[in-house]
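Colleague: sharing a model that was predicted from the sequence below.
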Amino acid sequence: MAVDMESLVEATSGAVGALVSTTILYPLDTCKSKYQAESRASHHRKYRHISDVLWEAISSHQILSLYQGLGTKNLQSFISQFVYFYGYSFFKRLYLRESSSKSIGTAANLVIAAAAGACTAIVTQASHILPLDTASSRMQTSDFGKSKGLWESLTEDTWCRAFDGLGISLLLTTNPSIQYTVFDQLKQRLIKNKTSKARDDIPSPEALSAFSAFVLGAVSKCISTCLTYPAIRCKVMIQSTKDENIEDDSKPKPHKTVSGTFCAIWEREGLLGFFKGLRAQMLKTVLSSALLLMIKEKIAKTTWVLMLAVRRFLLITRASLNSS
C-alpha cells in the first residue's frame, strides 16, 4: 500500500505542477511552436525572431489567440505528467525492491525514466485516449484567430495523421529520462539521504526547498533540451498544420516522416536549422520544468497528508459499515 500511496502522491503533485506551469507560460509556448514550425530559407522567413510572432498577434488584435489550444494542452500536460510521475515512482520502487539496493545508479535511473516516458507517450498519444499532443500542436501552429477545436483538429485530415509524431515522441522519451535522472542524482546529493517521517512512523516523501527545486529543475532541463533539440524541432514540424511544400491549403497533406522532415530542414536551412528556436525552447522549457518541479516539491507533503487522511477516512468508513 505504501508503494502505491507514494506513487500516487508523486503523480498528483507532478500533474498539478504541470497544470500551473503550462497555464502561466502558454503564450510563450505558442510563440515558440509557431516559430519552430516554419521551415524556409532565411530570406523567405516570415518570423526572423520569436518576438515577431508576438508582434503579429498584437498588430492583428489577436492577442487572445496566443492561448489557442490551452484547454487541450492543459489536459495533455495533466495526463502525461500524472502517468509519467506515477510510472517513474512505481518503477523506481520496484527496482529497489527487486534489486535489494538502497539507491539507484545513473544508468538504472536512465532506463527507469525512459520506461516511464515510453508509457506516457503511448498513453497520451496512441492508446484509447485521443492524441492530445498532436491536437495541441496543430492548434498552436494554426493562423491566429483560425484555430479549430479539438475534434476538428484531429479529423481535418485522415485519422492516421492524428498520430503524427508518435515515433519521434517515443524517441524523445530520452529527454525526460535525462532530465529526471540529472534532477534525481543532484537531489540525492543535496539532501544526503536525509529522511523525514510523518505520524504513525509512515515515511513521507523527501522534499527540497522551493529555490533548490527551481534551480535543479532548470539545470536538469537545460541539459536534456540541449542534447535532444534537433528531435524536438522535427516533432513540432511533423505535428504542425503547415507544409511549406504545399501552397494550396485545400490539397491533401502528405504524411510527414521523421527522415523526410530531417532532410527538409537540412536542404532549406542547413545544419543551423536543426537548432532554430533553441533559445526560445530553452527559455520556455527550463522555466516550465523549474516551475513544475518547484510546485511539485512544495505540495508533495501536503498531498501526502491529504492522501493519508482520505485513506484513514475510507478505512474508518469501511470498518463502521462492516460492524453494522
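Modeller: Great, that's in hand.

Colleague: can you map out the helices along the stretch 1-150 of the chain?
Modeller: Counting by DSSP state H, counting those that start in this stretch, the segments of the stretch 1-150 of the chain that form helices are 2-24, 26-37, 50-59, 70-99, 106-125, 132-141, 150-155.

Colleague: and those helices: which comes nearest Phe262?
Modeller: Counting by CB to CB, Phe262 lies closest to helix 26-37 out of those; the figure is 14.2 Å. (C-beta placed from N, C-alpha, C; glycine too.)

Colleague: how far off centre is the closest one?
Modeller: 15 Å (CA atoms, centre = their mean, to the nearest Å).

Colleague: quick one: list the elements packing against it.
Modeller: Identification of packing neighbours for helix 26-37 by 3 or more CB pairs under 8 Å, 6 or more residues apart in numbering; DSSP states H and E yields helix 50-59, helix 70-99, helix 132-141, helix 210-239, helix 278-323.

Colleague: how big is the angle separating that helix from helix 210-239?
Modeller: 40 degrees (axes from the mean of the first three to the mean of the last three CA atoms, to 10 degrees).

Colleague: now tell me what touches helix 26-37 from outside.
Modeller: With CB atoms under 8 Å, 6 or more residues apart in numbering as the test, helix 26-37 has contacts from 22, 47, 49-54, 65-70, 73, 137, 140-141, 232-233, 236-237, 240, 242, 276-277, 280-281, 283-284, 287-288.

Colleague: buried only: go through these for me.
Modeller: 22, 47, 50, 52-54, 65-70, 73, 137, 140-141, 232-233, 236-237, 240, 242, 276-277, 280-281, 284, 287-288 (16 or more other CB atoms under 10 Å).

Colleague: give the residue spans of this structure that score low on pLDDT.
Modeller: For the chain, the stretches flagged by pLDDT under 70 are 1-4, 39-44, 124-131, 145-167, 192-207, 241-256, 324.

Colleague: quick check, central residue of it?
Modeller: Centroid-nearest residue in the chain, with CA atoms, centre = their mean: Ser77, separated by 5.9 Å.

Colleague: mind listing what it touches?
Modeller: Applying CB under 8 Å, 6+ apart, we find Ser77 in contact with 15, 18-19, 22.

Colleague: again, only using 6 Å
Modeller: 18, 22 (CB atoms under 6 Å, 6 or more residues apart in numbering).

Colleague: for Ser7, which of the helices and strands packed on helix 26-37 is the nearest?
Modeller: Here helix 70-99 is closest among those (CB to CB), at 4.1 Å.

Colleague: quick one: that closest one to helix 2-24, angle?
Modeller: Using the same axes, to 10 degrees: helix 70-99 against helix 2-24 is 150 degrees.

Colleague: pull out the buried residues from helix 70-99.
Modeller: 70, 72-93, 95.

Colleague: and stretch 225-233, by the same measure?
Modeller: Residues of stretch 225-233 classed as buried: 225, 228-233 (neighbour count, 16+ other CB under 10 Å).
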